[in-house]
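# Sequence and computational prediction follow.
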Amino acid sequence: MAKKRKRRNKGRGRGCLIGLFVTLLVICLLVIAALKLTEKITTEIDLKTYPLEHTDIIYKYADEYNVPKSVILAMIKVESNFKEDAVSGAGACGLMQLMPDTFTWLASTLGEEVTEDQIFDPEMNIKYGTYYVSTLYSKLGNWDNVYAAYNAGLGNVNKWLSDPQYSENGKLTHIPFWETANHVNKLNNVRAKYIELYFLGE
């Protein structure tokens, strides 16, 4: 009788172990499925948050003026959130938030004539904005400097770059304007997101 009980207990023990293993396996599969679903939802939200709009224009002028596409996408996202008719409190206009006098100056630099309302035209705004970014990069040499100049003005950035309190080896190490420092940080984060989501490889 004792031997039979031992055999039954062994059988029950094996059954419990198998049941436990199956339960753990099911839990693991459910966790994996939940993680994949969460990842999919997160990616879908990210794709809506960081859209690809006006890419035909952006890619055209990014290539023409040798500016990474991710830079222009990030700038439009941060500057206007892709609102063509955006106007800032300071009077900056359009997708890339160009000041009207800057827009006019860029047009004359390129030997073109423009009307005031063309600043809101997506192609003109992106073309001149991208050209402006390329000229800033040729003068300043790295993207943090460019982002800062786009926000605070080239004069301020040149002044900071000449001061060792704010720069080292031609790169800003500290930006005294909180708004500009925040702007640069935001642009870097948004650009990284565009590279990650759309495999821009830049």
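Received it, and whenever you're ready, just let me know what you need. Numbering: from 1, shown residues only.
# pLDDT at the closest residue to residue 93 other than its chain neighbours, what is it?
With sequence-adjacent residues excluded and distances taken as Cβ to Cβ, 6 or more residues apart in numbering, residue 93 is closest to residue 119, at 4.7 Å. From N, CA and C alone the C-beta is placed, and that goes for glycine too. Listed pLDDT for residue 119 reads 98.
# quick one: contacts for residue 119?
93-94, 98, 100, 103, 125 (Cβ atoms under 8 Å, 6 or more residues apart in numbering).
# so how many other residues sit close to residue 180?
21 (other Cβ atoms under 10 Å).
# measure it to residue 144 for me?
Here the criterion is Cβ to Cβ, to the nearest Å. By it, residue 180 lies 10 Å from residue 144.
# swap in residue 17?
59 Å.
# Would you mind telling me which of these two has the busier surroundings?
Using other Cβ under 10 Å as the criterion, residue 17 and residue 144 rank with residue 144 on top: 19 against 10.
# Would you tell me what helix or strand that one is located in?
helix 143-152 (DSSP states H and E).
# Tell me the helix or strand right after that helix.
Next helix or strand after helix 143-152 toward the C-terminus (DSSP H and E): helix 154-161.
# tell me how far that next one is from the chain's mean position?
24 Å (Cα atoms, centre = their mean, to the nearest Å).
# May I see the buried residues of it?
154, 156-157, 160-161 (16 or more other Cβ atoms under 10 Å).
# again with stretch 80-90
Buried residues in stretch 80-90, counted by 16+ other Cβ under 10 Å: 80, 82, 86.
# gap between the two ends of that stretch?
Its start and end residues considered, stretch 80-90 measures 13 Å (Cα to Cα, to the nearest Å).
# Residue 21: how many residues sit nearby?
By the criterion of other Cβ under 10 Å, residue 21 has 10 neighbours.
# Tell me the secondary structure at it.
helix (DSSP: H, G, I helix; E, B strand; the rest coil).
# Tell me the pLDDT of it.
On the pLDDT scale, residue 21 is placed at 71.
# Residue 129 now?
98.
# Please verify my assumption that it contacts residue 95.
Yes: taking contacts as Cβ atoms under 8 Å, residue 129 lies within contact range of residue 95: 7.2 Å.
# In terms of neighbours, single out the busier of these two.
Using other Cβ under 10 Å as the criterion, residue 129 and residue 95 rank with residue 95 on top: 30 against 27.
# how does this structure divide into domains?
With domains defined by automatic domain parsing, the chain comprises 1-49, 55-198.
# where are the low-confidence patches of the chain?
1-13, 15, 26, 28-43, 202 (pLDDT under 70).
# can you pull out the strands in it?
Using DSSP state E, the strands found in the chain span residues 167-168, 171-172.
# Name the strands paired with the first one and say parallel or antiparallel.
Strands that pair with strand 167-168, judged by DSSP bridges, come out as strand 171-172 (antiparallel).
# contact partners of the partner strand?
Under the criterion Cβ under 8 Å, 6+ apart, residues 141-142, 144-145, 148, 157, 160-161, 166, 184 lie in contact with strand 171-172.
# now with 7 Å?
Here strand 171-172 makes contact (Cβ atoms under 7 Å, 6 or more residues apart in numbering) with 142, 144-145, 148, 160-161, 166.
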